[in-house]
Structures are given as structure tokens and as C-alpha cells.
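J.: using only what follows, build the 3D model:
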Amino acid sequence: MDLSWLTISGVLIGILIFALKVSLGCGLASLTRRETLSIAVGYLMLFLCMGMAIQLLPENVFSAALNAGMAIHLIVALLLVALGVITAKKWNSHQDDISRKTFWVLSLPCPACLAASFISCSFLAVLLDMPSWKIGLALGTGLFFAIVGLSEIFRIRHQTPSTLGNVMIFVGLFYILSMLIIPAYLGYKATSSPLQIPDLNNIYIYGFFLGMVLIGFISKKMGVAI
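T.: Down below sits the predicted model:
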């Protein structure tokens, strides 16, 4: 199989997952179609600017953002869980819709995600031997249509703000799980041999599951349905 096409497919799948995350926030919140369109246009312009800036910005800027990715994603994960609980609680208890004030943590990218997107644009420009601004425009256009289309699908399902809160909690817990499981797995693969037995007493893994139980217990006490 041609590795270049495999790489391109991976980047496109990553963009689609990115669009899905943004669309969940836009489609499940109480946003108008014009506001969703504005967010999609903003992403289109952002990717176009990234494509144009590839030759202008030093690589160490984005390397620093990626190196800080773990801490940034932890902050985002905690915000997702906290604001998700608040969003669902407000609606379930008082029919108070605050989704317009909390959706941004799901729909706006973190610096580490932007750095990864920038590197994807740069890599595709070299791989396809195309001007970087065209790569940024192509990815931004695809992201634009994906956000608009997926947001509309979520909007017509007429979900309540509580659904947005539950989705935010789920994504936040997924972020935390990824930060705990993936580094531990990669570390094990790098150091283990066929004769070694994996260490199942990883304190971080147990800490994660204990955290999930505590978050679930607290959420239920607050009237949040997960």
C-alpha cells in the first residue's frame, strides 16, 4: 500500500474527528445557523492562515505547544467535565439553558490541537509538493462543510441542553482516559520483552477509575443523567 495515501487518509480522518467535536458543541447548543456558520468560516480562515504561516513561523513555537499538550488537554478535560455537569444540572433542575455559555470548551480548539493541525498542513505540503496555502485552504474547506453538515444533523434531532452536558462529560473523561492509558501503554511497549508480565498495578489507572466513580457519584447526586 502506498504510505503517502495512508498518511493523507489519516490526516483527513483526523480532520473529520476534529469537525465532529466542533459540531457536537455547535449542534447541541442553542446556537442559530448563522452563528454556527460564523464558527465554520472562522475555522476555514484559521486553516488558511496556518497554511500561509508555515514558511513564516519557527518550528519551535509549535513544538513548545505540543510539548505542553498533556497539561493543556488536562485543563480542557477538567473544564469539559465541570461545565458539562453544570450545563446538565442547570437544565435538569431548573430548565435553565446555559449551553450558549459553555459550548465553547467543546467547539474551540486548544493550542496543542492547533499545533498538530499546523504540522499536518506542513507535512502534507511536503508530501504532495503543493503550496502550503492551498493545503490549508483545502483542509479548511473540508472542515467548513463537515462542521456545517454535522451541526445541522445534531440540530434537527432536537436534543436538550442536558445532552450537550452529558457529551461534554463523556469527552472530558475520554481525554483523561487517553492521557492515562496511552502513555502507560507506550511505555510498556518500549520496555517490555516477550518474557515480561505487564504490571497491572499502575496507580494512575486505578486513580482514573476511582475518579470516574467519584465523578459519577457526584453527578448523580447533582441530578445529572450520564
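J.: remind me which helix or strand Cys49 belongs to.
T.: Using DSSP states H and E, Cys49 sits in helix 33-53.
J.: for that helix, name the packing helices and strands.
T.: Contacts defined by 3 or more Cβ pairs under 8 Å, 6 or more residues apart in numbering; DSSP states H and E place helix 33-53 against helix 3-28, helix 111-128, helix 132-156. Just so you know, the C-beta spots here come from the backbone N, C-alpha and C atoms, and that holds for glycine as well.
J.: quick one, what contacts Leu106?
T.: 21-22, 24-25, 80, 164, 167-168, 171 (Cβ atoms under 8 Å, 6 or more residues apart in numbering).
J.: do the same with Met168
T.: Neighbours of Met168 in contact, by Cβ under 8 Å, 6+ apart: 80-81, 83-84, 87, 102, 105-106.
J.: what pLDDT does it get?
T.: Looking at Met168, its pLDDT stands at 91.
J.: spatially nearest residue to it (excluding sequence neighbours)?
T.: Gly84 (3.1 Å; Cβ to Cβ, 6 or more residues apart in numbering).
J.: residues contacting the one you found?
T.: 102, 164-170, 172.
J.: the contacts of Leu106, buried ones only, as a ChimeraX selection?
T.: In ChimeraX, this line selects whichever of the contacts of Leu106 come out buried by 16 or more other Cβ atoms under 10 Å:
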select :21,22,24,25,80,164,167,168,171
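J.: could you dump the contacts of Leu106 into JSON lines with distance to Ser122 added?
T.: Formatted as JSON lines, these follow (distance: Cβ to Cβ, whole Å):
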{"residue": "Lys21", "distance to Ser122": "22"}
{"residue": "Val22", "distance to Ser122": "22"}
{"residue": "Leu24", "distance to Ser122": "28"}
{"residue": "Gly25", "distance to Ser122": "27"}
{"residue": "Leu80", "distance to Ser122": "28"}
{"residue": "Leu164", "distance to Ser122": "34"}
{"residue": "Val167", "distance to Ser122": "31"}
{"residue": "Met168", "distance to Ser122": "31"}
{"residue": "Val171", "distance to Ser122": "27"}
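J.: and the contacts of Leu106, which is closest to Gly149?
T.: Closest approach to Gly149 among these (Cβ to Cβ): Val22, at 11.7 Å.
J.: wouldn't the closest one be in contact with Gly42 here?
T.: No: at 10.1 Å, Val22 does not count as touching Gly42 under the criterion of Cβ atoms under 8 Å.
J.: low-confidence ranges, this structure, go.
T.: 1-4, 55, 57-69, 111-112, 181-226 (pLDDT under 70).
J.: try it again at 50.
T.: 1, 185-186, 188-190, 192-204, 206, 225-226 (pLDDT under 50).
J.: what's the local residue count around Phe123?
T.: Residues contacting Phe123 under the criterion other Cβ atoms under 10 Å number 14.
J.: same check, this time on the one 10 residues further on
T.: If you count neighbours by other Cβ under 10 Å, Trp133 ends up with 19.
J.: what's near enough to touch it?
T.: Here Trp133 is in contact with 48, 51-52 (criterion: Cβ under 8 Å, 6+ apart).
J.: and stretch 167-180, what's buried?
T.: For stretch 167-180, by 16+ other Cβ under 10 Å, it's 167-169, 171-173, 175-177, 179-180.
J.: possible to save those as CSV with distance to Phe154?
T.: Output for the buried residues of stretch 167-180, formatted as CSV (distance: Cβ to Cβ, whole Å):
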residue, distance to Phe154
Val167, 9
Met168, 13
Ile169, 17
Val171, 14
Gly172, 18
Leu173, 20
Tyr175, 20
Ile176, 24
Leu177, 23
Met179, 26
Leu180, 29
